[in-house]
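Student: below are the sequence and a predicted model; questions follow.
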2 protein chains.
Amino acid sequence: MNDARGVTVWFTGLSGAGKSTISEGVLHELRNRGTRVELLDGDLVRTNLSKGLGFSKEDRDINIRRIGFVADLLTRNGVTVLVAAISPYREARDEVRAQIGDFLEIHVSATLDTLVERDVKGLYRKAIAGELANFTGVSDPYEEPTDPELVIRTDNEDVQLSIERVLRLLDDFVAQRDGDASPREAQAG
Amino acid sequence: MNDARGVTVWFTGLSGAGKSTISEGVLHELRNRGTRVELLDGDLVRTNLSKGLGFSKEDRDINIRRIGFVADLLTRNGVTVLVAAISPYREARDEVRAQIGDFLEIHVSATLDTLVERDVKGLYRKAIAGELANFTGVSDPYEEPTDPELVIRTDNEDVQLSIERVLRLLDDFVAQRDGDASPREAQAG
């Protein structure tokens, strides 16, 4: 009865691409369904787990590993975990995927033109002007996922549709995993 | 159906007092029962959440708040969380208690003589000789809980009995909380 596993849905992508908006929409829908779900948002995590860390590759990787540690604890206890974090380095994301196992990677993407146009906090302009170091996508690298479970291009897609696509991915994953047979039986068969 | 809450059982006390031994025993028993349970041990947490933090009051408090953040996430999702951490400052422990709500504080205690006698890692001798700064109980303060749910004096008590007392405390707490009526009904009545 206590074997039910959760899953981690990991949203990666540049600042302003739409990770928080989409993950908050998914959170809302899952809460309405009565699912046990938590959202670990980049800003929340920086405050509660990673204060003092900067934006060097090393510090970013430590930040991602900490999120991974917490997401793993929750996932193995049956919680659906939504992570919204830039997580620019492929190796760190793959490490977390291997650790958690039940893991869906979603690349939330928009063209740089769109991001500069949105630029709510004015950070892209600053970074492009050379006034902001370590800004992912401009003055710091972003390594795109090579094989994500889903790509969402937010310059072309309505938010509500994006949320529905994530929910469908999640439902399909859980149905396939927990479907007809338990993993043990499936393996034996 | 998804309202079931967990509880955090927080073991505080000096190094070598028996926090890890007792909490591991409780973990083992609860796993055998099929309870969803996690142990956040001081060393594990230092590695996975708090690498880079030292042993100043400020850093110790940050460490405790991080453990509290993770324990809260798990507790509100139905997990029983065992925390074994020196957690020497009363204010930080009380802050975590207020945050989590479903919280049982256990003071695991032994006389300094006993601790020096055990001194598996030779740290007490070093600290007493003045060779180890910030060592809780010798060169750093330990603020005893004023009103813990349980005190275990490990110089006088068999480990197995300690484990049983913790389990009884836990069972009584959950029975009283989830007992006859839901909290809402109890309040209304």
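Tutor: Looks like it arrived, so ask away.
Student: rest of the way, CA atoms for contacts and neighbours
Tutor: Fine.
Student: A:Asn156 belongs to a strand?
Tutor: No: the assignment for A:Asn156, made by DSSP: H, G, I helix; E, B strand; the rest coil, is coil rather than a strand.
Student: please report how far it lies from B:Val83.
Tutor: Applying CA to CA, to the nearest Å, the value for A:Asn156 to B:Val83 is 47 Å.
Student: for chain A, which segments count as strands?
Tutor: Taking DSSP state E as the criterion, chain A carries its strands at A:7-12, A:37-41, A:80-84, A:103-109, A:150-153.
Student: which residues are in contact with the residue nearest to A:Gly130 when sequence neighbours are not counted?
Tutor: Excluding the flanking residues, the one nearest A:Gly130 by CA to CA, 6 or more residues apart in numbering or on different chains is A:Ser139, at 7.8 Å. When contacts are counted by CA atoms under 8 Å, 6 or more residues apart in numbering or on different chains, A:Ser139 touches A:Ala127, A:Ile128, A:Gly130, A:Leu132, A:Ala133.
Student: inside helices: which ones of those residues?
Tutor: A:Ala127, A:Ile128 (DSSP state H).
Student: PyMOL command to pick out the buried ones of the contacts of A:Ser139?
Tutor: The following PyMOL line selects those of the contacts of A:Ser139 that are buried, judged by 16 or more other CA atoms under 10 Å in any protein chain shown:
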select buried, chain A and resi 127
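Student: so which bits of chain A are right by chain B?
Tutor: For chain A, the residues in contact with chain B (CA under 8 Å from any CA of the partner chain) are A:1-2, A:34-36, A:38, A:48-49, A:65-66, A:69-70, A:73-74, A:77, A:79.
Student: neighbour-wise, which one of those residues leads?
Tutor: If you count neighbours using other CA atoms under 10 Å in any protein chain shown, the busiest of the residues of chain A next to chain B is A:Leu74, which has 27 neighbours.
Student: so for the nearest residue to that residue once chain neighbours are set aside, what's the pLDDT?
Tutor: Excluding the flanking residues, the one nearest A:Leu74 by CA to CA, 6+ apart is B:Leu74, at 6.4 Å. pLDDT for B:Leu74: 98.
Student: how close does B:Leu74 sit to B:Gly68?
Tutor: 10 Å.
Student: same question, A:Leu115
Tutor: 36 Å.
Student: which of those two has more neighbours?
Tutor: Using other CA under 10 Å, the more surrounded residue of A:Leu115 and B:Gly68 is B:Gly68, with 23 against 20.
Student: quick one, what contacts the residue nearest to the more buried one when sequence neighbours are not counted?
Tutor: What sits nearest to B:Gly68 in space, not counting adjacent residues and going by CA to CA, 6+ apart, is B:Val96, at 5.4 Å. Applying CA under 8 Å, 6+ apart, we find B:Val96 in contact with B:Ile64, B:Arg65, B:Gly68.
Student: could you save these as a markdown table and add columns showing pLDDT and distance to B:Leu167?
Tutor: Output for those, formatted as a markdown table (pLDDT from 0 to 100; distance: CA to CA, whole Å):
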| residue | pLDDT | distance to B:Leu167 |
| --- | --- | --- |
| B:Ile64 | 96 | 24 |
| B:Arg65 | 96 | 25 |
| B:Gly68 | 97 | 21 |
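Student: among those residues, which lie within helices?
Tutor: B:Ile64, B:Arg65, B:Gly68.
Student: now, which of these sits nearest B:Gly25?
Tutor: The nearest member of the ones in helices among the contacts of B:Val96 to B:Gly25, counting by CA to CA, is B:Gly68 at 21.6 Å.
Student: just to revisit the earlier point, between A:Asn156 and B:Val83, which one's more packed in?
Tutor: Just comparing A:Asn156 and B:Val83: by other CA under 10 Å the higher neighbour count belongs to B:Val83, 26 against 9.
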